[in-house]
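Asks: have a look; sequence and predicted model below, questions after that.
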Amino acid sequence: MTEAGEKGALVVIKWKNLDFSYGNLSILKNFSLELDDPGVSVLLGPSGCGKTTLLNLAAGLRIPAAGQVENPYFRKQSYLFQKPRLLPWKSVLENVVFSLPESMAEAEKYHKALDTLKLVGLEGFADYIPRELSGGMEQRAAIARAFAPEADLLLMDEPFKGLDLKMKMPLLELILKLLKLRRTRTILVSHDVREAILMGDRIILLQGPSLRVRENIVNPCAAGERTMEHQAFYDLEQRLYKLILE
């Protein structure tokens, strides 16, 4: 794993000639990909193709059998998981404080955490523990924890997986609002075509295993046109479905 401290660096992540297996199942075989977009890049693919493995390799949570990962923001990244993964014995506020750097003064940590809880609409629930929250509120707390450090890179592994549409859409819109506010470089793993179009500035369509890039697409829909009513959205959706089903 290599890293660099420059926030303005062009390259977000490089996966270079990677091999990775689970037992006898080859997930990556001489796989390479480079992302240099400042916005949101979506790794779109079916369940089990290896996209989460790719994200975990970037995060340093997995080690490749061969090849190299270059992540210039390895020391300043946040990870938003499929499940909230809040510490059950800590309050909502303490969970967010826990994500902040040790070098930050304690009073500053709490001030920062409270400000972030306001952004996600949980300022009135700071003293609650996770089991006292609804599922949607737990995920909002996890979103606050991920955004509070203002990391240079945000990694998201299907954060809306398993949520119904009524719960999913407000959370998706919340994340889009925070990304616009913070302008955070982001890599999102998803299996949902519409979600990818709504969120992604670039969409990398993946197949596997072994993992391979099927298409690498710059989203033609301007940020304000990423709704299902726009023709560009419909055209890209149909293009992606066609590629997936071929």
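Replies: Arrived safely.
Asks: okay, which residue is most central for this protein?
Replies: Met156 (1.8 Å; CA atoms, centre = their mean).
Asks: hang on, that one in a helix?
Replies: No - counting by DSSP: H, G, I helix; E, B strand; the rest coil, Met156 is located in no helix; its state is strand.
Asks: just the pLDDT for it.
Replies: You'll see Met156 listed with a pLDDT of 96.
Asks: what pairs with it across the strands?
Replies: Note on Met156: beta-bridge partners Leu80, Leu188, judged by DSSP bridges.
Asks: my read: it touches Arg185, true?
Replies: No - assessed by CB atoms under 8 Å, Met156 is found out of contact with Arg185, at 11.6 Å. C-beta here means a position set from N, CA and C on the backbone, and glycine is covered the same way.
Asks: just to revisit the earlier point, so what's the residue nearest to the centre of the chain up against?
Replies: Met156 is in contact with 79-80, 146, 175, 186-189, counting by CB atoms under 8 Å, 6 or more residues apart in numbering.
Asks: quick one, which of those residues are buried?
Replies: Among the contacts of Met156, those classed as buried by neighbour count (16 or more other CB atoms under 10 Å) are 79-80, 146, 175, 186-189.
Asks: what is the lowest-pLDDT residue among these?
Replies: Lowest pLDDT among the buried ones among the contacts of Met156: Ile175, 91.
Asks: ok, back up a step: format the contacts of Met156 as JSON lines; extra columns: distance to Gln68.
Replies: Listed next are these as JSON lines, based on distance: CB to CB, whole Å:
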{"residue": "Tyr79", "distance to Gln68": "20"}
{"residue": "Leu80", "distance to Gln68": "25"}
{"residue": "Ala146", "distance to Gln68": "26"}
{"residue": "Ile175", "distance to Gln68": "30"}
{"residue": "Thr186", "distance to Gln68": "22"}
{"residue": "Ile187", "distance to Gln68": "17"}
{"residue": "Leu188", "distance to Gln68": "23"}
{"residue": "Val189", "distance to Gln68": "21"}
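Asks: just give me the closest of these to Lys14.
Replies: Ile187 (12.3 Å; CB to CB).
Asks: looking at it, that closest one is touching Leu153, isn't it?
Replies: Yes - between Ile187 and Leu153 there is a contact at 7.3 Å, judged by CB under 8 Å.
Asks: contacts only, for Leu28.
Replies: 15, 18-21, 50, 53-54, 57, 64, 67, 209-211.
Asks: any idea how far Gln238 is from Gly200?
Replies: Using CB to CB, to the nearest Å, we find Gln238 at a distance of 16 Å from Gly200.
Asks: looking at the two, which has the bigger crowd around it?
Replies: Gly200 (26 against 11; other CB atoms under 10 Å).
Asks: what's the separation between the more buried one and Asp235?
Replies: For Gly200, the distance to Asp235 (CB to CB) stands at 15 Å.
Asks: mean confidence score for stretch 32-42?
Replies: Summarised as a single mean, pLDDT over stretch 32-42 is 90.
Asks: in that stretch, what counts as buried?
Replies: For stretch 32-42, the neighbour count (16+ other CB under 10 Å) marks 33, 35, 37, 39-42 as buried.
Asks: again, but for stretch 113-121
Replies: In stretch 113-121, the ones that count as buried by 16+ other CB under 10 Å are 113-114, 116-117, 119-120.
Asks: what sits up against the lowest-mean-pLDDT helix or strand in the chain?
Replies: Here the helix or strand of the chain ranked lowest by mean pLDDT, DSSP states H and E is helix 165-182, holding a mean of 88. By CB under 8 Å, 6+ apart, the residues outside helix 165-182 that reach it are 39-40, 119-121, 135-136, 139-140, 143, 147, 150, 154, 156, 159-160, 163, 184, 186, 195, 198-199, 223.
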